[in-house]
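Participant: what shape does this take:
(one chain, ligands or ions: 2)
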Amino acid sequence: MNMNDVAARGLVMLGCGKMGSAMLSGWLRSGLPPSSVYVIDPYPSDWLKTQGVHIGADLPEHPAVAVIAVKPQMMAEALPDVDALGDGETLVISVAAGTPIATFENVLGSKTPIVRAMPNTPAAIGRGITALVGNGNVSAGAMDMAEALLLSIGQCVRLESEDQMDAVTAVSGSGPAYVFHLIETLAAAGEAEGLPPALAMDLAKATVGGAGELAETADDDPTQLRINVTSPNGTTQAALDVLMDTETGFPRLLQRAVAAAAARSRELANG
Ligand SMILES: NC(=O)C1=CN([C@@H]2O[C@H](COP(=O)(O)OP(=O)(O)OC[C@H]3O[C@@H](n4cnc5c(N)ncnc54)[C@H](OP(=O)(O)O)[C@@H]3O)[C@@H](O)[C@H]2O)C=CC1
Ligand SMILES: O=C(O)[C@@H]1CCC=N1
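Facilitator: Ligands and ions are numbered 1, 2, ... in the order given. A predicted model of the protein is given here:
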């Protein structure tokens, strides 16, 4: 199976909200014809309605791929809408947090090839990262196909085991929200030091964006990059003494946050 098969046989999307739209915009940008896309979503967004994709139309007989992007809590209600696609001919890719592959096998049949994937919203600008793992029915070619689709919205990593998915969700699936909160709070702290709000926000956004890009592209690892900013007994050292405090600093706080997200992902396994 290749991208031409997807274009020829069709791609079905069950749910096209924030994450579904982020992925779809990447696929359309990378050349998937809108006429090959069939969306099932009760309240399609204005953006979706202008994309030229089929919305609420009859589904093609054996689409190449079905992407499941509804909330885990809606899964039991929504999944039966695509149970006809569980004939082994369609590669099912779920991006739902928490929902295990077994849930899809139970509804769609144990012969269905299913890839469980965890993308993130920077996919909307082609800068996402998606982790993926498939069940035993996913052929090497189908896994390559899933990866090719997801590579058009950013980087991909293949997991050794589905058990890693809760931790992955807690780090990179939810992670953009932690970074956006860092931007919000850095700007607020700048305001507290007397900066005008717009200036504080510009400084915070550019600092997080630039530091993120440097961390991704530099030869030095993030530890060395941090050291490079930190002059002995300078301003950064004063801040890091607060942030790196073993009781009240970032390490313990982020560890607790990521553990909470992973625990919630495990809970969502039950819908
Ligand atoms: N947002 C993110 O950063 C990430 C989300 N995910 C996963 O992606 C999935 C979608 O999340 P997200 O896009 O944020 O959520 P949204 O609520 O934005 O999108 C879900 C979409 O599914 C629609 N929907 C609801 N019921 C049905 C149904 N029965 N049939 C078809 N469509 C339905 C919703 O419509 P309506 O709004 O009208 O209810 C909505 O448009 C979740 O499983 C989430 O865990 C994974 C990684 C990152
Ligand atoms: O918050 C959530 O449950 C989803 C999964 C990862 C990001 N958003």
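Participant: for the residue in the stretch 1-150 of the chain positioned nearest to ligand 1, give me its contacts.
Facilitator: Distance from ligand 1 to each residue of the stretch 1-150 of the chain (CB to the nearest ligand atom) is smallest for residue 17, at 1.9 Å. To be clear about C-beta, it is placed using only N, CA and C from the backbone, and glycine gets the same treatment. Residue 17 makes contact with 41, 45, 69-70 under the criterion CB atoms under 8 Å, 6 or more residues apart in numbering.
Participant: keep only those that also lie close to ligand 2.
Facilitator: With CB under 6 Å from any ligand atom as the criterion, no member of these is in contact with ligand 2.
Participant: quick one: what helix or strand has the residue nearest to residue 160 when sequence neighbours are not counted in it?
Facilitator: Distances taken as CB to CB, 6 or more residues apart in numbering put residue 133 closest to residue 160, at 7.9 Å, once the chain neighbours are dropped. If you go by DSSP states H and E, residue 133 is part of strand 128-134.
Participant: pipe the contacts of residue 17 into a markdown table and attach neighbour count and secondary structure per row.
Facilitator: Output for the contacts of residue 17, formatted as a markdown table (neighbours: other CB atoms under 10 Å; DSSP: H, G, I helix; E, B strand; the rest coil):
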| residue | neighbour count | secondary structure |
| --- | --- | --- |
| 41 | 19 | coil |
| 45 | 14 | coil |
| 69 | 25 | coil |
| 70 | 24 | coil |
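Participant: still on that earlier bit, elements contacting the strand holding residue 133?
Facilitator: With contacts defined as 3 or more CB pairs under 8 Å, 6 or more residues apart in numbering; DSSP states H and E, strand 128-134 has these neighbours: strand 114-118, helix 140-151, strand 154-158, helix 165-168.
Participant: switch the cut-off to 6 Å
Facilitator: Strand 128-134 is packed against strand 114-118, strand 154-158, with contacts defined by 3 or more CB pairs under 6 Å, 6 or more residues apart in numbering; DSSP states H and E.
Participant: ok, now which ones touch the residue nearest to residue 160?
Facilitator: Contacts for residue 133 (CB atoms under 6 Å, 6 or more residues apart in numbering) come out as 116, 159, 162.
Participant: go on, residue 36?
Facilitator: So residue 36 contacts 7, 10-11 (CB under 6 Å, 6+ apart).
Participant: ranking the helices and strands packed on strand 128-134 by burial, who's on top?
Facilitator: Here the criterion is mean neighbour count by mean count of other CB atoms under 10 Å, and of the helices and strands packed on strand 128-134 the winner is strand 114-118, at a mean of 26.
Participant: now that strand, how far from the centre of its chain.
Facilitator: With CA atoms, centre = their mean, to the nearest Å as the basis, the distance from the averaged C-alpha position of strand 114-118 to the chain average is 11 Å.
Participant: coming back round to it: check the contacts of residue 17 and tell me the two furthest apart.
Facilitator: Largest separation among the contacts of residue 17 by CB to CB: 45 and 70, giving 14.3 Å.
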